[in-house]
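pasting a predicted model and its sequence here:
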There are 2 protein chains.
Amino acid sequence: MEPRRTRTNNPQALRRRVIDATAALFQARGYHATSTQDVMREAGVTAGALHHHFPTKKALALAVIEESVAGAVDETWVAPVVRARSTARGVRDVLECIADGLDERGRVQGCPVNNLALELSFGDRDFQRAIHAIFERWREAIAKKVRADRAAGRFTKGRPDAVAAFVVASYSGAMALAKASQSAEPLRICARHLAEYFAERSARRTRTSRPRRRRPLGRRRRRHHVRG
Amino acid sequence: MEPRRTRTNNPQALRRRVIDATAALFQARGYHATSTQDVMREAGVTAGALHHHFPTKKALALAVIEESVAGAVDETWVAPVVRARSTARGVRDVLECIADGLDERGRVQGCPVNNLALELSFGDRDFQRAIHAIFERWREAIAKKVRADRAAGRFTKGRPDAVAAFVVASYSGAMALAKASQSAEPLRICARHLAEYFAERSARRTRTSRPRRRRPLGRRRRRHHVRG
DNA sequence: GACCGAACAAACAGGTCAGTCTGTTTTATT
DNA sequence: AATAAAACAGACTGACCTGTTTGTTCGGTC
């Protein structure tokens, strides 16, 4: 067969394809269990092309962290919470949305940040820094939202910074349990408990303070749905 | 050099040595980043001996999970909580104890269960089951403690089962943040927030209800408090 | 339209991996 | 003491893994 005669260079597109493929593989198998050959196969790229864009596997991973994982967190977590009416509501909706997604797909791959965090943070400084930066931005975004709540008289207790960390931690851990049990249940439990946690902390001293009706919480189906 | 002429077989000891060495390596580098040769070197064992006791790396890992990791969880987490006066106090003490340990050592390797959970749960059913079992026992032990609290009139709200899951999740996630930031701070935050979480939930409507004096709870100035 | 660096192709290389194989030593049994 | 099985020793194997090398094609510039 003749070598394809119409080859059009498209560096950015190829680079993107590699990053996306790698992100998917990391998500499914992790860093160490993913070989560069897997990446090449999945992305449909040759070794030359791959190493032209990413000199080493580590460089590729760092690019994935900064250009894919970070974005994923922003899109699925940070942005929805920021847009929400309150931190409490935002967090609850995000968690339930994610839990619904897991139920739909019937499997739990876990949170990409956490997956890589636990696999790579201890061994390598560069990875640690890159991942830490994502957590920090995540945490700070939520803290900011908490401060906004507070400014609106909605939330009183605790340092926003610490509240945010607790929220992120609870979610991360719930996702770990979810992955281990291959079930969305831990996430739903976490959503409920965080909701009550926020309720306890906000139901006081706010003037509107309508007695927050507790939702039936019937786990299954019947969830309104957001976002397309 | 002559081949050591006094060799005494001690299967259990050797097996134990291998498991311990492997557990340490997994804890530091994870499953995939640890080679069987690393294990052999660390444990001072030959390939023949290693494969006599553990036919495959996977079998070794399963043994580590069931015979080392599970025990570690029991010792450092479950047992202290069970022994404690209450779930709240037990959880708080364990978290602070762990945080202190991290500060002393100046580095954070993370929780062995979580490390392996996130690395292995998705890819392999056997690993998933083994790790899930540990989480379940962990969760159940705490749930039992919560029920004991309740029987003693100390705790009212929420399903013990779910409360336990939330506690485990929050801790796990806090440890993930701690690992990513290489700092014990997230754990301390988690300890504090879980303590307040328990306080909120126990200060209410218990019939023996001696008005549970709230303990100082350390560091931060105490905000006004909950009705009660 | 000649030229040159960037973008790609693909064979290759040294090293490591998990696991095997053959053989020796120890230990329990009798 | 004879024997068999268990417990070990250590060389070896083929697959795989990351990264290199050498060469070819594209695309903008003069």
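Yep, that arrived. All values derive from a computational prediction rather than experimental measurement.

which parts of the lowest-mean-pLDDT helix or strand in chain A are buried?
Comparing every helix and strand of chain A by mean pLDDT, DSSP states H and E singles out helix A:185-202 as the least confident one, with a mean of 92. Neighbour-count burial for helix A:185-202, with 16 or more other Cβ atoms under 10 Å in any protein chain shown as criterion, is recorded at A:185-198, A:200-202. Using the backbone N, CA and C atoms, a C-beta is placed for each residue, glycine as well.

now name the helix or strand holding the residue most central in space within chain A.
Centre of chain A computed as the mean C-alpha position; nearest residue by Cα atoms, centre = their mean is A:Val73, 3.8 Å away. A:Val73 is located in helix A:70-73, with elements delineated by DSSP states H and E.

rounded mean pLDDT for that helix, please.
Here helix A:70-73 scores 98 as its mean pLDDT.

what's that helix in contact with?
The contact list for helix A:70-73 (Cβ atoms under 8 Å, 6 or more residues apart in numbering or on different chains) reads A:23, A:112-113, A:133-134, A:137-138.

any idea which helix or strand comes after that helix?
Where DSSP H and E defines the elements, the next helix or strand beyond helix A:70-73 is helix A:79-83.

mind checking how far that next one is from the chain centre?
A distance of 13 Å separates the C-alpha centroid of helix A:79-83 from that of its chain, computed with Cα atoms, centre = their mean, to the nearest Å.

what's the following helix or strand after that helix?
Heading towards the C-terminus - elements assigned by DSSP H and E - helix A:79-83 is followed by helix A:87-105.

which stretches of chain A form helices?
Along chain A, the stretches classed as helices by DSSP state H are A:11-29, A:36-43, A:47-53, A:57-64, A:70-73, A:79-83, A:87-105, A:112-120, A:125-151, A:160-181, A:185-202.

ok and the residue in chain A nearest DNA strand C?
Among the residues of chain A, A:Gly48 lies closest to DNA strand C, at 1.9 Å counting by Cβ to the nearest atom of the strand.

could I have the PyMOL command that selects the buried members from the contacts of helix A:70-73?
Selecting just the buried residues from the contacts of helix A:70-73 in PyMOL takes one command, with 16+ other Cβ under 10 Å as the test:
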select buried, chain A and resi 23+112+113+134+138
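
mind putting the contacts of helix A:70-73 into a markdown table with pLDDT and distance to chain B?
Written out in a markdown table, the entries for those read as follows (pLDDT from 0 to 100; distance: Cβ to the nearest Cβ, whole Å):
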| residue | pLDDT | distance to chain B |
| --- | --- | --- |
| A:Ala23 | 98 | 15 |
| A:Pro112 | 98 | 10 |
| A:Val113 | 98 | 8 |
| A:Ala133 | 98 | 9 |
| A:Ile134 | 98 | 8 |
| A:Arg137 | 98 | 12 |
| A:Trp138 | 98 | 10 |
